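K.L.:
let me see the structure of the following:
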Amino acid sequence: MEYCLGSASDLLEVHKKPLQEVEIAAITDGALQGLAYLHSHYKIHRDIKAGNILLTELGQVKLADFGSASIASPANSFVGTPYWMAPEVILAMDDGQYDGKVDVWSLGITCIELAERKPPLFNMNAMSALYHIAQNDSPTLQSNVWTDSFRRFVDYCLQKIPQERPSSSELLRHEFVRCERPSRVLVDLIQRTKDAVRELDNLQSRKMNKILFQEVYNGPLNESQEDEEDHVFIRDEVGHGERRPELRPTHSVQNQALHYRNREPFATIKSASLVTRQIHEHEQENELREQMSGYKRMRRQHQKQLIALENKLKAEMDEHRLKLQKEVETHANNSSIELEKLAKKQVAVIEKEAKTAAADEKKFQQQILAQQKRDLTNFLESQKKQYKICKEKIKEARRRSPDLGKEMNEDHSTPKKEKQERISKHKENLQHTQAEEEAHLLSQQRLYYDKNCRFFKRKTMIRRHELEQQNIREVSAFSLCPPPPPPKTTFEGAILSRFG
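P.N.:
Residues are numbered from 1 along each chain as shown. As a prediction, the model looks like this:
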């Protein structure tokens, strides 16, 4: 890359005021052309801000600082400067991906930075700003001096949902970027900035000459004297044009004045104070880097100690684990033996209970059958007696009452054989009635037998189920019984001694 005079943020530092809208449009146009080229090759810059937009002496815009860039799109890493980060980059810390539209968001924040000298939320710390960017609404331009096209462009860049945000190639066709402006707008801006930097350098040089002159004759000035006499000294210098005699400054002041000398061969839009501040920041970074190196050495040493302690504790843990495994195996063997004994005992109890239940059931059935047999015998004897009584009553009635023969449709002319048949039929009817009564009795006895047998079996099964449940509870209680606690080992003592 060719030599660049400085960045867009240097313009803000020198002029101490926001840029004009046409100047912002020109810088945005150049930045969008660079972003469109990057995004067409599936690359993401991921750190667009005014400090990374450089300007050449001919007014060309260059994108710089590709240390945070991604060579593939989409990406999912948390990279960038907090105040310019897009919401999807912040949310990518948990889960998610993003594409080149994160640069469009950063460009919108950069436009606000060029228009207001600071990005939104710059007065917050970085973590608070990240939370507000992810949770709150998109920022907007605060002042009313800007045109509607500029406002729409910023709002268009800062769409919260990435799918609704335009691409860099689409933004190149926006009215804000395509508006008419002088072709030398950036060249004139750079020239004004160079003139302002030259004036600032001359002012600082005269101030340093005054300090050197005062140190030689009156000793070093304090800050209040410098501020009070600064304007008078400059006015005399400009009005009379006198040359001060060459002085021999002290070594410390000479080092401070060194930054304001030998600046003529290099064109720049960085003021001497800004260069001095950047040098101090660089020195502070070097000190921090040295401190970080010492911290890394201490961390490596600490990690070695941790590894040694971890190995020692691991060896003690392995020894303790082997001891516990042996105790567990012994306990498991004893438990299996006890379980086998308990199982045999329970099987014997169940078999004994089954034999007892079978014997009781057989005895119960025999009792029912014996009782039913006696009842049937008594019933048959009763029927026989009733049959004889009925037979004798019929014979006796026929002898005593001739009308009974008429009721039976008998007369003196009826043959004896027919009379015998009628009597036999009457006997058969009586026997049939007795047979039905006997069958009904047998049916009732069968139902009674089945019902009582089922009831007895139910009681037997309930008793057996309760016995099995009791056995299961005994086995469960035996299985859940924990092994005896092992004695404290050297491992536990080491842990307690080291970690309390």
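K.L.:
can you tell me which helix in this protein is longest?
P.N.:
In the chain, ranked by residue count with DSSP state H as the criterion, the top helix is helix 272-400.
K.L.:
from the contact counts, what lies against that helix?
P.N.:
Judged by 3 or more Cβ pairs under 8 Å, 6 or more residues apart in numbering; DSSP states H and E, the packing partners of helix 272-400 are helix 8-15, helix 185-217, helix 403-407, helix 416-479, helix 490-499. All C-beta spots, glycine's among them, are computed from the backbone N, C-alpha and C.
K.L.:
try it again with 6 Å
P.N.:
For helix 272-400, the packing partners by 3 or more Cβ pairs under 6 Å, 6 or more residues apart in numbering; DSSP states H and E come out as helix 416-479.
K.L.:
report the rounded mean pLDDT for the helix it packs on.
P.N.:
Taken as a whole, helix 416-479 has a mean pLDDT of 83.
K.L.:
cool, and stretch 88-97?
P.N.:
76.
K.L.:
from here on, count from 40
P.N.:
Sure, I'll start numbering at 40, so the last one becomes stretch 127-136.
K.L.:
other residues contacting it?
P.N.:
113, 115, 117, 119, 137, 141, 169, 173, 201 (Cβ atoms under 6 Å, 6 or more residues apart in numbering).
K.L.:
from those residues, which land in strands?
P.N.:
Of the positions in those, not one sits in strands, assigned by DSSP state E.
K.L.:
helix, strand, or coil at residue 41?
P.N.:
coil (DSSP: H, G, I helix; E, B strand; the rest coil).
K.L.:
now the strands for the stretch 40-189 of the chain?
P.N.:
Counting by DSSP state E, counting those that start in this stretch, the stretch 40-189 of the chain has these strands, from start to end: 45-46, 92-94, 100-102.
K.L.:
would you turn the ones you listed into JSON lines with distance to residue 506, mean pLDDT and mean neighbour count?
P.N.:
Converted to JSON lines, those look like this (distance: least, Cβ to Cβ, whole Å; pLDDT from 0 to 100; neighbours: other Cβ atoms under 10 Å):
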{"stretch": "strand 45-46", "distance to residue 506": "91", "mean pLDDT": "90", "mean neighbour count": "22"}
{"stretch": "strand 92-94", "distance to residue 506": "89", "mean pLDDT": "94", "mean neighbour count": "24"}
{"stretch": "strand 100-102", "distance to residue 506": "87", "mean pLDDT": "94", "mean neighbour count": "19"}
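K.L.:
those strands: which one's closest to residue 501?
P.N.:
strand 100-102 (88.5 Å; Cβ to Cβ).
K.L.:
give me the helices and strands touching the closest one, please.
P.N.:
Using 3+ Cβ pairs under 6 Å, 6+ apart, strand 100-102 sits against helix 60-79.
K.L.:
what average pLDDT does the helix it packs on get?
P.N.:
Across helix 60-79, pLDDT averages out at 94.
K.L.:
residues contacting it, please?
P.N.:
Contacts of helix 60-79 (Cβ under 6 Å, 6+ apart): 47, 84, 92, 100, 102, 139, 142, 153, 189, 207-208, 210-211, 215-216, 220, 224-225, 228.
K.L.:
pull out the buried members of those residues.
P.N.:
47, 84, 92, 100, 102, 139, 142, 153, 189, 207, 210-211, 215-216, 220, 224-225, 228 (16 or more other Cβ atoms under 10 Å).
K.L.:
can you put the contacts of stretch 127-136 in a markdown table and add distance to residue 481?
P.N.:
As requested, the contacts of stretch 127-136 are exported to a markdown table (distance: Cβ to Cβ, whole Å):
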| residue | distance to residue 481 |
| --- | --- |
| 113 | 92 |
| 115 | 90 |
| 117 | 94 |
| 119 | 101 |
| 137 | 93 |
| 141 | 98 |
| 169 | 96 |
| 173 | 92 |
| 201 | 93 |
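K.L.:
where does confidence bottom out across those residues?
P.N.:
When it comes to pLDDT, residue 115 is the least confident member of those, at 67.
K.L.:
neighbours of residue 314, how many?
P.N.:
16 (other Cβ atoms under 10 Å).
K.L.:
ok, it to residue 497 distance?
P.N.:
104 Å (Cβ to Cβ, to the nearest Å).
K.L.:
what's the domain layout of the protein?
P.N.:
45-250, 400-437+465-514 (the TED database).
K.L.:
tell me the most buried of those?
P.N.:
domain 45-250 (a mean of 18; mean count of other Cβ atoms under 10 Å).
K.L.:
please give me every residue in contact with residue 59.
P.N.:
Per Cβ under 6 Å, 6+ apart, neighbours of residue 59: none.
K.L.:
how much space between it and residue 85?
P.N.:
Applying Cβ to Cβ to residue 59 and residue 85 gives a distance of 29 Å.
K.L.:
returning to what we had before: run the angle between the longest helix of the chain and helix 455-518 for me.
P.N.:
150 degrees (axes from the mean of the first three to the mean of the last three Cα atoms, to 10 degrees).
K.L.:
point out where the stretch 290-439 of the chain drops to low pLDDT.
P.N.:
290-305, 436-437, 439 (pLDDT under 70).
K.L.:
go on, the stretch 140-289 of the chain?
P.N.:
252, 254-289.
K.L.:
what do you get if the cut-off is 50, keeping everything else the same?
P.N.:
Scanning the stretch 140-289 of the chain for pLDDT under 50 picks out 265, 267-289.
K.L.:
and the helices in it?
P.N.:
Remark: helices assigned in the stretch 140-289 of the chain by DSSP state H, counting those that start in this stretch are 140-155, 165-174, 187-196, 207-210, 214-217, 224-256, 262-279.
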